[in-house]
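Engineer: Just need the structure, nothing else, for what follows:
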Amino acid sequence: MTLVASLVLSGATWAGRAQWLKSETAVAELVQSWRRADSVHPLTAYSFRAGGTGAGDAAAANARLSDLGRIGSPLGSADAPSVRQIALVGEVHDNAEHHKFRARQLEPISVRSVVFEQLRTDQQPAIDAFMALPKGKRTLDAFLGAVEWDASGWAKYDYKPLLEAVIAADLPIYAGDPPKELIRKAAKEGRGALAAEERQRLGLDTPLDPSLHDAALAELEASHCGAMPKSAFGGMAFAQRLRDATLADVALKANERHGAVTVFAGNGHVRSDRGVPWYLRLRAPGLPVTATMLVEVENGKTDPEAYVPRGPDGKPAADSIVFTPRAAREDPCAAFGGAPSRAAPITKN
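Structural biologist: The predicted model follows:
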């Protein structure tokens, strides 16, 4: 985000400018720490505006790179953010640097509320009760206790810096994931798991283009290391659609109440061709929506265009990407006895 855009959103207050500078400086410090690693990938700590054909001109691609270590470097869309915008910011769940980066990049002057994939909608009453506490009692430990974080399955990842930053910024917090039992029911029963009126309201009665549906099945097959054929994932694909549609539904509610919203979710949910933005376009045409993915660099892969996710039509499935170090992890496919996996770090649960 540029300084001009931040000041527009903050009413051009000096307090807003100070907050912007603090955030930009914190981001710059973090990305410089990435660059002090023993072996640094040339794309680490750059952001890249998608929009090319993917085949192309190295000079044109390099012109769309921005150094995140430079104060004033734009993040996300090149356009000034709208006060009504919904900005989706992705992640690889087990990469702690992604959570640190988003915590430092958070700007309360331009973010009016946040939606988390990591929180379930049936936890919203507990979240609301937490937000109603006196400010001095709204601590990270109190929040983690209120949502029973240690029992959630997310505690194995280091979300604490991000959660702490959101709490410190006094931002309204919204839970974006359906209850566990509903997800399980959707994976087992498909469309029948929801009443017809609810399916229609959420946009789940509108089918994805067949090519998008097939791509979603292929992604699920790959994430399970080819242990089962695509045809086995129909119910799971509907459950994934339910999760995307619910995130969109909650984001729209937050947008109506507060204005600019940031949605924190895995990169698979953030993708614009079939993820949360698809439902936002369906239900709120014309609403400004941006999708930024945090992606891990790969050895020997230095063309930024090669990292841009694309839909079946070849169009970018994100507005921008941020290049980060890779997290150390075991090959997720080793347990299946298959070939080593190049991809897929954990992007969604």
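
Engineer: Just to be sure, L119 is in a strand?
Structural biologist: Yes - assessed with DSSP: H, G, I helix; E, B strand; the rest coil, L119 lies in a strand.

Engineer: That one - nearest residue in space that isn't next to it in sequence?
Structural biologist: In this structure, L119 finds its nearest non-sequential neighbour in A175, 3.6 Å apart by CB to CB, 6 or more residues apart in numbering. C-betas here are computed from N, CA, C, even on glycine.

Engineer: next helix or strand past the longest helix seen in the chain?
Structural biologist: Criterion DSSP state H: the longest helix present in the chain is helix 234-258. Using DSSP states H and E, the next helix or strand after helix 234-258 towards the C-terminus is strand 261-264.

Engineer: Distance from the chain centre to that next one, please.
Structural biologist: Put simply, strand 261-264 sits 7 Å off its chain's centre (CA atoms, centre = their mean, to the nearest Å).

Engineer: same thing with stretch 191-203?
Structural biologist: Worked out by CA atoms, centre = their mean, stretch 191-203 lies 25 Å from the chain centre.

Engineer: The stretch 101-250 of the chain: strands as residue ranges?
Structural biologist: Assigned by DSSP state E, counting those that start in this stretch, the stretch 101-250 of the chain shows strands spanning 113-120, 173-177.

Engineer: Closest to the centroid, which residue in the protein?
Structural biologist: G90 (2.3 Å; CA atoms, centre = their mean).

Engineer: my guess is it contacts E296, does it?
Structural biologist: No - between G90 and E296 there is no contact under CB atoms under 8 Å: 11.5 Å.

Engineer: Okay, now the unreliable bits of the stretch 51-200 of the chain?
Structural biologist: Under the criterion pLDDT under 70, the flagged ranges of the stretch 51-200 of the chain are 52-57, 71-83, 108-109.

Engineer: at 80 instead, please
Structural biologist: 51-59, 70-83, 107-110 (pLDDT under 80).

Engineer: those helices in it, which residues are they?
Structural biologist: 58-62, 96-105, 124-131, 140-146, 160-168, 180-189, 196-202 (DSSP state H, counting those that start in this stretch).

Engineer: Could you list the residues in contact with the second one?
Structural biologist: In other words, helix 96-105. 23, 26-27, 29-31, 34, 75, 89, 91-92, 157-162, 164-166, 264, 294, 322, 324-325, 327 (CB atoms under 8 Å, 6 or more residues apart in numbering).

Engineer: Just the buried subset of those residues, please.
Structural biologist: Buried members of the contacts of helix 96-105, scored by 16 or more other CB atoms under 10 Å, are 23, 26-27, 30-31, 34, 75, 89, 91-92, 157-162, 164-166, 264, 294, 322, 324-325, 327.

Engineer: what about D273, how many residues close to it?
Structural biologist: 22 (other CB atoms under 10 Å).
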